[in-house]
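Participant: build me a model from this:
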Amino acid sequence: MQYKVFNTGNNNSEKLMTFITTLEKCLGKYLGKEVESEEVFVSIKTGDVPATYAST
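Facilitator: The predicted structure is shown next:
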């Protein structure tokens, strides 16, 4: 099984929808075809965190 790892950390907080849109564009470019997700929003669950941060 082949796969690629993408580091999406950038030391800045990003809105979820901005991240999803960027991910769709990048995956579409990488795959050579349009990528569109279907988002289903649910309420926050016990144990979920309201924000996370990643560094590169």
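Participant: from here on, contacts and neighbour counts on C-alpha atoms
Facilitator: Will do.
Participant: tell me the backbone dihedrals of I20, please.
Facilitator: phi -60, psi -50 (degrees, to the nearest 10).
Participant: count the residues that sit near it.
Facilitator: 14 (other CA atoms under 10 Å).
Participant: where does this protein have low pLDDT?
Facilitator: Low-confidence segments of the chain (pLDDT under 70): 56.
Participant: all helices for the protein, in order.
Facilitator: Applying DSSP state H to the chain gives helices spanning 16-31.
Participant: list the contacts of K25.
Facilitator: Shown in contact with K25 (CA atoms under 8 Å, 6 or more residues apart in numbering): E34, V35.
Participant: could you measure from it over to V35?
Facilitator: Distance, K25 to V35, using CA to CA, to the nearest Å: 7 Å.
Participant: check M17 too.
Facilitator: 15 Å.
Participant: the more surrounded of the two?
Facilitator: Using other CA under 10 Å, the more surrounded residue of M17 and V35 is V35, with 14 against 10.
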